[in-house]
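S.K.: Structure for this input, please:
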Amino acid sequence: MMRTRLILLAFASLALGTCPARGQGVLHPATPPPAQLTESGQIVVAGHSTPYLIRHLPVSSFPELPAGFQELLNRRGCLIPQTYEAHGPENVVHASLERAGSFDWAVLCSAQGTVSLLVFFASAPAQLVVLASAPETERLQAHDPSGVLGFNWGIDPASPGQVREAQTGMKHRPPWLDHDALADSVIEHRTVYRFYARKAWTVLDMPD
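M.R.: Numbering: from 1, shown residues only. Next comes the predicted model:
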């Protein structure tokens, strides 16, 4: 799937010491994540106590975030959750989300047990928009023989061309977009594309 290919490219680029090739969304961490940012515990799944493990990065690991945005995130107590398949820092993206040529950001923020999808427009530097939120323990799934659950929510920038490709197979494909969308994924399951236009966010139509 698209997200997996992008993450593998990001890992290869980090190994070579070059800029990651995950659209505009992957940024170099300033420091390695400290051990206390790894959260583990148990939840009940189908009547059985099941272990989970979630890795986080601090906001300071993404120094390219605008200072005002960093301040808003730190004020909320945000940590950036990493998916179980991550090979490099993720879930902080920048793209032209408000309009063509705009310089905007989206992050997954984990704070006090809840993960929120936040958007920051450059045109409104004092505001954060919450597009979705869920308890962190509702965003877990098994992914290897150990049975330990991992975090499964990821976001990526989606260019108009990537959205157009994702709409292949629709009987009547919508017109090309004029700016980026936000790919909102449950790993190994579904990706929805969130798009901002006419002062509102919508979920784009995709093939069934």
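
S.K.: for the chain, which spans come out with low pLDDT?
M.R.: Scanning the chain for pLDDT under 70 picks out the ranges 1-36.

S.K.: can you name the farthest residue from the center of this structure?
M.R.: Here the chain reaches farthest from its C-alpha mean at Gly47, the gap being 30.2 Å by C-alpha atoms, centre = their mean.

S.K.: measure that one to Thr137 for me?
M.R.: Distance, Gly47 to Thr137, using C-beta to C-beta, to the nearest Å: 16 Å. Yep, even glycine has a C-beta here, placed from its N, CA and C like the rest.

S.K.: cool, Val148 as well?
M.R.: 13 Å.

S.K.: Spell out which residues are contacts of both of those two.
M.R.: Tyr52 (C-beta atoms under 8 Å, 6 or more residues apart in numbering).

S.K.: Could you give the bridge partners of the residue most central in space within the chain?
M.R.: Nearest to the mean C-alpha position of the chain, by C-alpha atoms, centre = their mean, lies Ile155 at 2.4 Å. Here Ile155 sits in beta bridges with Asp184, going by DSSP bridges.

S.K.: Kindly report the same for Ile43.
M.R.: Thr50.

S.K.: Tell me, how many residues neighbour it?
M.R.: 13 (other C-beta atoms under 10 Å).

S.K.: need the strands for this protein, in chain order.
M.R.: 38-45, 48-58, 79-82, 92-95, 104-111, 114-120, 129-135, 140-142, 149-151, 153-158, 181-186, 191-197, 200-203 (DSSP state E).

S.K.: Can you work out which other helices and strands pack against the fifth one?
M.R.: Secondary structure elements in contact with strand 104-111, counted by 3 or more C-beta pairs under 8 Å, 6 or more residues apart in numbering; DSSP states H and E, are helix 67-75, strand 79-82, strand 92-95, strand 114-120, strand 153-158.

S.K.: As CSV, could you dump the C-alpha coordinates of it?
M.R.: Presented in CSV, the C-alpha positions along strand 104-111 are these (Å, rounded to 0.1, in the frame of the first residue of the first chain):
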residue,chain,number,x,y,z
ASP,A,104,0.3,24.0,6.6
TRP,A,105,0.8,21.3,9.1
ALA,A,106,-1.0,18.3,10.5
VAL,A,107,0.0,16.1,13.5
LEU,A,108,-1.3,13.3,15.6
CYS,A,109,-1.1,14.5,19.2
SER,A,110,-1.3,12.0,22.1
ALA,A,111,-2.2,13.6,25.4
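
S.K.: before we move on, the earlier item: can you add distance to Asp184 and give the helices and strands packed on strand 104-111 back as a markdown table?
M.R.: Converted to a markdown table, the helices and strands packed on strand 104-111 look like this (distance: least, C-beta to C-beta, whole Å):
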| stretch | distance to Asp184 |
| --- | --- |
| helix 67-75 | 19 |
| strand 79-82 | 14 |
| strand 92-95 | 11 |
| strand 114-120 | 7 |
| strand 153-158 | 6 |
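
S.K.: Spit out the contact partners of the residue nearest to the centre of the chain.
M.R.: Gly25, Asn91, Val93, Ala106, Val107, Leu108, Leu117, Leu182, Ala183, Asp184, Ser185.
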